[in-house]
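A.B. asks: Task: produce atomic coordinates for the following.
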Amino acid sequence: MGAVRFADGSVLDSSLGTVIQAGTGLRRVDSGSSTMHLDYSELIDAENINSPISTSGSYLSIAVASGTGLPIGKISVQGLADLVGSGFASVSTNCNHIFSNAEASVNTAKNSNSIFVGCNVAVGATGWKHSVMIGSEAGYGATTPNGGLSTDIAAVFLGYRAGYNADNLENSIFIGTNAGKDASTASDSIFIGSSAGLQSSMNNSIAIGEHALRGAGGAETGQNNIEIITGKNNSERLMYGSGSLSDRLNIQNVIAGNTSKQLISIGDAVLEPDAPLSVRKDDTIPGHSGASYVQTWYCNDDLVAYIDCSGNFSGSAAGTTTTNDFVEGIAAADISAPTVMSSPTSGILATRDGDWYFDGDVYIVNRDPNLTIPSGAFVTAMKINGTYRAQWVSCSGV
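C.D. replies: Below you'll find the predicted structure:
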């Protein structure tokens with residue numbers, strides 16, 4: 001005995017194997033495997049029915065493969081539209097690959113060999129060839145002069161509004177929310193980070209970090225600039241409000257310079273240093289106010305030399321921790337005269353600071369056969385060949 005299932009789910013058993021008419025043009029055939037046939041020639045045109053079609057109240061039959069017993073159900077016209085129109089993916093004209101809402105209206109005739117993914121991606125975008133735009137409104141309104149699509153104007157825009165209204169550029173990479181947004185003529189640039197390169201017109205440039213190389217209404221122009229920044233407000237950047245600028249480097253406002261002149265500054269960095277290496281200290285900077293020196297040198301983690309804010313260069317003598325080139329103090333014991341200059345004698349000098357407080361011991365090397373330094377004598381000494389030599393000795397101990 002066969003079984004016939006109608007659209008409402010009812011079943012009629014039949015052993016006759018005959019065709020059961022369900023309505024004009026619609027029939028169900030029991031021939032071992034149930035099949036539904038729809039003969040359009042005998043159906044009434046739905047648009048000619050007196051009552052208008054209601055998208056929510058008009059239905060289509062649909063087989064639900066996942067249902068028990070393969071049931072045939074119904075779906076409203078509106079439901080079908082929502083199901084199909086919720087998104088579309090296609091390989092369209094000019095080999096453009098599109099996965100977006102239909103309303104986005106990617107202009108496939110004016111773009112070629114490109115990938116567009118996201119809600120309202122690349123709406124109004126034209127001239128792109130071999131480009132990738134991924135993210136909501138990525139590349140929205142971005143246009144570049146390539147009417148015949150003969151030039152490989154490749155660009156990569158990744159992120160919400162990345163490359164939004166980014167016009168007249170090629171071979172650029174913008175990654176991050178608003179990265180490269182309104183970045184006109186910023187060709188061959190790389191902007192990575194939230195608002196990196198926003199409203200910037202700098203080409204052949206690299207910006208990494210939030211607000212890096214961010215512009216102000218397109219006023220920031222130039223080329224060959226590099227800015228790497230993090231954790232700072234837009235106005236705190238060294239390149240903030242820079243206007244027309246080229247060949248500049250800024251890393252976290254600590255290392256900066258002019259790369260075309262090969263000038264670099266560190267510390268309180270500036271974009272136009274006055275030397276190949278400019279080391280800059282500014283006590284208004286919290287990290288600088290507690291530093292005693294402008295620059296220091298270490299060997300095996302031992303301080304061996306420094307420059308202070310008076311411009312004095314000092315290095316430590318071997319076997320001491322004192323870094324002053326000139327010292328004064330009291331001889332701790334007699335230092336005899338040597339027999340020959342090549343075999344010097346030595347002794348300890350108890351040094352004093354500017355307030356005449358003890359400031360550490362240093363060794364005095366005596367190469368003068370005519371000089372005896374008595375215990376308690378006042379001595380001034382300077383560093384020569386890495387050791388201290390007496391320059392003045394009082395006539396007797398104090």
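A.B. asks: shaky segments in the stretch 1-150 of the chain?
C.D. replies: Applying pLDDT under 70 to the stretch 1-150 of the chain flags residues 1-43, 50-51, 64-71, 81-88, 102-104.
A.B. asks: could you redo the last one with a cut-off of 50?
C.D. replies: 1-3, 5-13, 15-25, 28-32 (pLDDT under 50).
A.B. asks: just so I have it, where are all the helices in it?
C.D. replies: Here the stretch 1-150 of the chain has its helices, by DSSP state H, counting those that start in this stretch, at 77-85.
A.B. asks: what does the stretch 151-300 of the chain give?
C.D. replies: 286-289.
A.B. asks: Where does the prediction get shaky in it?
C.D. replies: Using pLDDT under 50, nothing in the stretch 151-300 of the chain is flagged.
A.B. asks: Tell me where it has strands.
C.D. replies: Assigned by DSSP state E, counting those that start in this stretch, the strands in the stretch 151-300 of the chain fall at 155-158, 172-175, 190-192, 201-203, 206-208, 221-223, 226-228, 248-251, 255-258, 263-267, 277-280, 293-299.
A.B. asks: Export those strands to CSV and append columns for distance to Gly329.
C.D. replies: (Each C-beta comes from the backbone N, C-alpha and C, glycine too.) Conversion of those to CSV gives the following (distance: least, C-beta to C-beta, whole Å):
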stretch, distance to Gly329
strand 155-158, 68
strand 172-175, 63
strand 190-192, 59
strand 201-203, 59
strand 206-208, 54
strand 221-223, 58
strand 226-228, 49
strand 248-251, 45
strand 255-258, 41
strand 263-267, 34
strand 277-280, 31
strand 293-299, 23
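A.B. asks: CSV please, covering those and showing distance to Ala89 and mean neighbour count.
C.D. replies: Converted to CSV, the strands of the stretch 151-300 of the chain look like this (distance: least, C-beta to C-beta, whole Å; neighbours: other C-beta atoms under 10 Å):
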stretch, distance to Ala89, mean neighbour count
strand 155-158, 18, 26
strand 172-175, 23, 26
strand 190-192, 28, 26
strand 201-203, 34, 25
strand 206-208, 33, 24
strand 221-223, 39, 18
strand 226-228, 37, 22
strand 248-251, 42, 22
strand 255-258, 46, 21
strand 263-267, 50, 19
strand 277-280, 56, 15
strand 293-299, 61, 14
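A.B. asks: which one of those strands lies closest to Asp353?
C.D. replies: strand 293-299 (16.7 Å; C-beta to C-beta).
A.B. asks: what comes into contact with the closest one?
C.D. replies: 279, 281, 303-309, 315 (C-beta atoms under 8 Å, 6 or more residues apart in numbering).
A.B. asks: what does stretch 197-204 give?
C.D. replies: 169, 174, 178-189, 191, 205, 207, 211-218, 220-225, 245.
A.B. asks: Can you give me the end-to-end span of it?
C.D. replies: Start-to-end span of stretch 197-204 (C-alpha to C-alpha, to the nearest Å) is 12 Å.
A.B. asks: One more: stretch 185-202?
C.D. replies: 7 Å.
A.B. asks: still on that earlier bit, give me the buried subset of the contacts of strand 293-299.
C.D. replies: Among these, those classed as buried by neighbour count (16 or more other C-beta atoms under 10 Å) are 281, 305-307.
A.B. asks: Just the closest of the contacts of strand 293-299 to Thr144, please.
C.D. replies: Nearest member of the contacts of strand 293-299 to Thr144, counting by C-beta to C-beta, is Val279, at 44.3 Å.
A.B. asks: which stretches of the stretch 1-150 of the chain form strands?
C.D. replies: Secondary structure of the stretch 1-150 of the chain (DSSP E, counting those that start in this stretch): strands at 2-5, 11-14, 19-23, 26-29, 35-38, 59-63, 72-76, 88-91, 97-100, 115-117, 132-134.
A.B. asks: Only the buried subset of the contacts of stretch 197-204, as a ChimeraX command please.
C.D. replies: For the buried members of the contacts of stretch 197-204, the matching ChimeraX selection, counting by 16+ other C-beta under 10 Å, is:
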select :169,174,178,179,180,181,182,183,184,185,186,187,189,191,205,207,211,212,213,214,215,220,221,222,223,224,225,245
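A.B. asks: Would you mind listing the residues in contact with the closest residue to Gly267 other than its chain neighbours?
C.D. replies: If the residues on either side of it in the chain are set aside, Gly267 comes closest to Arg280, at 4.3 Å by C-beta to C-beta, 6 or more residues apart in numbering. Contacts for Arg280 were tallied using C-beta under 8 Å, 6+ apart; they are 265-270.
A.B. asks: JSON lines for the residues you listed, including distance to Gly290?
C.D. replies: Listed next are these as JSON lines, based on distance: C-beta to C-beta, whole Å:
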{"residue": "Ser265", "distance to Gly290": "21"}
{"residue": "Ile266", "distance to Gly290": "18"}
{"residue": "Gly267", "distance to Gly290": "14"}
{"residue": "Asp268", "distance to Gly290": "15"}
{"residue": "Ala269", "distance to Gly290": "19"}
{"residue": "Val270", "distance to Gly290": "22"}
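A.B. asks: Go through those residues and say which is closest to Gly73.
C.D. replies: Gly73 has its nearest neighbour among the contacts of Arg280 in Ala269, at 70.0 Å by C-beta to C-beta.
A.B. asks: distance of the closest one from Trp128?
C.D. replies: Remark: distance between Ala269 and Trp128 (C-beta to C-beta, to the nearest Å) = 38 Å.
A.B. asks: Tell me which of those two has more neighbours.
C.D. replies: Taking other C-beta atoms under 10 Å, Ala269 and Trp128 do not tie; Trp128 has more neighbours (30 against 20).
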